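1. one predicted model, sequence on top.
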Amino acid sequence: MVTTTPVALPAAVRWHGRGGQGVVTASRLLAAAALEGGYYPQSLPDFGAERSGAPVAAYTRIDDQPPSVRGPVESPGLVLVLDPSLIGNVDVLEGMAPGSAVVVNSIRSPEDEQKRLVRDDVVICTVDATAISLELIGRALPNTPMLGALLEVFPVVNLETMVEAVRKQLRGLFPDRIVDGNIAALHRGFESAKSIAQGGAQ
Amino acid sequence: MVDTQERPASAGPATSTAIAVNGGEAVAYALKQIEPEVVAAYPITPQTLIIEKFAEYCADGLVRTEYINVESEHAALSACVGASAAGARAITATAGPGLALMFEMLGVASGMRLPIVMHLCTRALSAPLNILGDHSDAMAMRETGWVMLSGSSPQEAYDLALVAQTIAEHPDVMLPTANLVDGFMVTHAVERVDVLPDDVVREYVGEYEPETSLLAEGSTATYGALDFRDYYFEHRRQQEAALYRSRPIVEQALKRFGEISGRDYNILEPYRMEDAEVVLVLLGSAEGQAHAAVDAARATGLKAGALRVRLFRPFPTKAVAEALSGARVVGVLDRAIGFGSVDNPLLSDIKSTLWTQSNRPLTKGFVYGLGGRVVTLGQFNQAFDELRSALESGEVPLEPTYLGLREDGEVSE
């Protein structure tokens, strides 16, 4: 367990995944949680390839004042990879400064992912978000477990605020059992995330 | 909840509710609060966020609006023309190629003096096919007689949606008004948007009660009549006069909006302009990058500033001239190409504005962000570098600089 420090503002987050995995929704849910937490958020999808399975990205900015820049996040402090098969095909760590954090949806340990990512100067966190979502939502939708896991390395809001924001956003869009499944998946993601600090030190 | 009593003017800003929505949903929310009699629209990216959300409001019975699913954008604006001439409040929304298909009706709406409001989600024009954001569409409509407002954020998209309504329907204006919402960078950006209480919005936009309409009792009005050598010229001149007359009314509408919302807007948005000698002028959502570039230039000792144009038509000549009176070099950022023109559209307006000024500054054109090309801070830093050189040498090249254009297989930063 990494001892997390409060999130530095302005915070910039980049999401990588494939069309259909809920990347845009995840970014939006993080923005909604940040709003609940009293921040000024921005969530921006990266448009172009809007096809199932194609690499997609989304960006979340969080600050204590209204965001001014609207466009892709070039130097993220946090990167989330919803599909580990992107690593090696997409430069998911592009523009990341030392000391920033990456959360990978992976069955592997953070130590193993560190070898694959070839970066020992960033905090690495893994969570088996696909398995969690299959078990608790019934579909491979890794986005809500990832939202839980990100709090491990990016405690911009507390778990309760995240849960409330997600519930509020999903309620009305989906039946209760799907909403509850997502909330359970969020909790499980939070509980099962494993991370190693930069340099691999525990 | 705010009570439904009429709020005295001295009441101060109303209590807003903060919601996390994108620019499209923010405009749809404004439409829900305005609850016009008619909305006619044809879906096109990136405008779909507005009309899908508004269609949901209709289906859920939250508004009593007649929502007309038309067969094309030409029909969308035609339906609005008919509804508006009949005395209804009519609103549409479109983008890029959709606006192009509306073109005939743009002039019909303004020539018939119909206060239709359009939310234009700015998008590149084809070909090549491109769904992303630039200002090619907006520039194509700039001389069709519409009042044109341009925002830079989801908050402003919501706010100007309300303001546009009061400008268009002002008895001294009675002209169609467009709210330019930058495609993707504003339409699809989810941000905090402070929405006003319904009753405050309703009081601000008021009821639409036209002096005449086709369906008014005892009406003898004629709309869109044949008008040859006899009066066409006079009517066109009256239309032009009405457009120029709208300038102070736009200022009043923004001021009145500031009183209810606490958000102070004016027809121009200056940034660090007090002592600025080198200024970037722009329209729309790249404002944040421009501000960051101003800060970076200031840090190196350059007296830099930025000026965003919120009222694009009628062009606020006097205010722009005043704002730029202390500038020595002015760079103008165009997000469109004015094919074959002497200058690109915004540069052309700025140059004409400055021509009659004494001690007029040097001007330099830049083109950026076409077809959604990512607008980086580096591009605007480059712009200030070029303006700094102009300041030192006293010379500027006539050709525009294309920021972020790939010339040799590399995207310049």
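-> Ah, there it is. Residues are numbered from 1 along each chain as shown, chains lettered A, B, ... in the order given.
2. wait, what's in contact with the nearest residue to residue B:64 once chain neighbours are set aside?
-> What sits nearest to residue B:64 in space, not counting adjacent residues and going by C-beta to C-beta, 6 or more residues apart in numbering or on different chains, is residue B:35, at 6.7 Å. For glycine as for every other residue, the C-beta is placed from the backbone atoms N, C-alpha and C. Residues counted as contacts of residue B:35 (C-beta atoms under 8 Å, 6 or more residues apart in numbering or on different chains) are B:63, B:64, B:65.
3. ChimeraX command to pick out the buried ones of the residues you listed?
-> Listed next is the ChimeraX selection for buried residues among those, using 16 or more other C-beta atoms under 10 Å in any protein chain shown:
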select /B:63,65
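4. dump the contacts of residue B:35 into JSON lines; add distance to residue B:108, secondary structure and pLDDT as well.
-> JSON lines is the format used below for these (distance: C-beta to C-beta, whole Å; DSSP: H, G, I helix; E, B strand; the rest coil; pLDDT from 0 to 100):
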{"residue": "B:63", "distance to residue B:108": "27", "secondary structure": "coil", "pLDDT": "98"}
{"residue": "B:64", "distance to residue B:108": "27", "secondary structure": "coil", "pLDDT": "97"}
{"residue": "B:65", "distance to residue B:108": "22", "secondary structure": "coil", "pLDDT": "98"}
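5. what are the phi and psi values at residue A:152?
-> phi -60, psi -40 (degrees, to the nearest 10).
6. sorry, that was for residue B:367
-> phi -120, psi 140.
7. so how many other residues sit close to it?
-> Neighbourhood size, residue B:367 [other C-beta atoms under 10 Å in any protein chain shown]: 21.
8. ok, it touching residue B:334?
-> Yes - if you go by C-beta atoms under 8 Å, residue B:367 and residue B:334 touch, sitting 5.3 Å apart.
9. shared neighbours of those two, anything?
-> With contacts defined as C-beta under 8 Å, 6+ apart, the residues shared by residue B:367 and residue B:334 are B:344, B:400.
10. what is the nearest of the contacts of residue B:35 to chain A?
-> residue B:63 (17.7 Å; C-beta to the nearest C-beta).
11. need the contact list for that closest one.
-> Residue B:63 touches B:31, B:32, B:35, B:54, B:57, counting by C-beta under 8 Å, 6+ apart.
12. of all these, which comes closest to chain A?
-> residue B:57 (13.5 Å).
13. that closest one sits in which helix or strand?
-> helix B:48-59 (DSSP states H and E).
14. show residues contacting that helix.
-> For helix B:48-59, contacts defined as C-beta under 8 Å, 6+ apart pick out B:22-25, B:27-29, B:31-32, B:39, B:41, B:43, B:63, B:65, B:67, B:93, B:119, B:121, B:187-188.
15. what does the stretch 301-413 of chain B have sitting close to chain A?
-> Residues of the stretch 301-413 of chain B found near chain A, taking C-beta under 8 Å from any C-beta of the partner chain as the criterion, are B:372, B:374, B:375, B:376, B:377.
16. burial of the first one, as a residue count?
-> To tie it back to what came earlier, the one meant is residue B:372. Other residues near residue B:372 number 20, with proximity taken as other C-beta under 10 Å.
17. next, the buried residues of stretch A:158-166.
-> Applying 16+ other C-beta under 10 Å to stretch A:158-166 flags A:161, A:162, A:163, A:164, A:165, A:166 as buried.
18. tell me the spacing between the residue nearest the centre of chain A and residue B:270.
-> In chain A, the centroid-proximal residue (C-alpha atoms, centre = their mean) is residue A:80; its distance is 4.3 Å. Distance from residue A:80 to residue B:270, counting by C-beta to C-beta, to the nearest Å: 38 Å.
19. per-residue confidence at residue A:53?
-> We have a pLDDT of 89 for residue A:53.
20. kindly report the same for the one 10 residues further on.
-> The confidence metric pLDDT takes the value 97 at residue A:63.
21. for residue B:5, same thing?
-> 45.
22. for chain A, which segments count as helices?
-> Applying DSSP state H to chain A gives helices spanning A:23-36, A:110-117, A:129-136, A:143-153, A:159-170, A:176-192.
23. would you list these in JSON lines and tack on mean pLDDT?
-> What follows is the helices of chain A, written out as JSON lines (pLDDT from 0 to 100):
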{"stretch": "helix A:23-36", "mean pLDDT": "97"}
{"stretch": "helix A:110-117", "mean pLDDT": "92"}
{"stretch": "helix A:129-136", "mean pLDDT": "98"}
{"stretch": "helix A:143-153", "mean pLDDT": "97"}
{"stretch": "helix A:159-170", "mean pLDDT": "97"}
{"stretch": "helix A:176-192", "mean pLDDT": "97"}
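24. give me the number of residues near the residue of chain A found nearest chain B?
-> The nearest approach of chain A to chain B comes at residue A:68, 3.2 Å away (C-beta to the nearest C-beta). Using other C-beta under 10 Å, the number of residues around residue A:68 comes to 18.
25. same question, residue B:96
-> 28.
26. can you tell me which residues contact it?
-> So residue B:96 contacts B:44, B:122, B:123, B:124, B:125, B:126, B:131, B:136, B:137, B:183 (C-beta under 8 Å, 6+ apart).
27. with adjacent residues omitted, what lies nearest to it?
-> In space, residue B:96 is closest to residue B:123, 3.1 Å off (C-beta to C-beta, 6+ apart).
28. residue B:319 is in contact with residue B:269, isn't it?
-> No - contact criterion C-beta under 8 Å: residue B:319 and residue B:269 do not qualify, at 11.1 Å.
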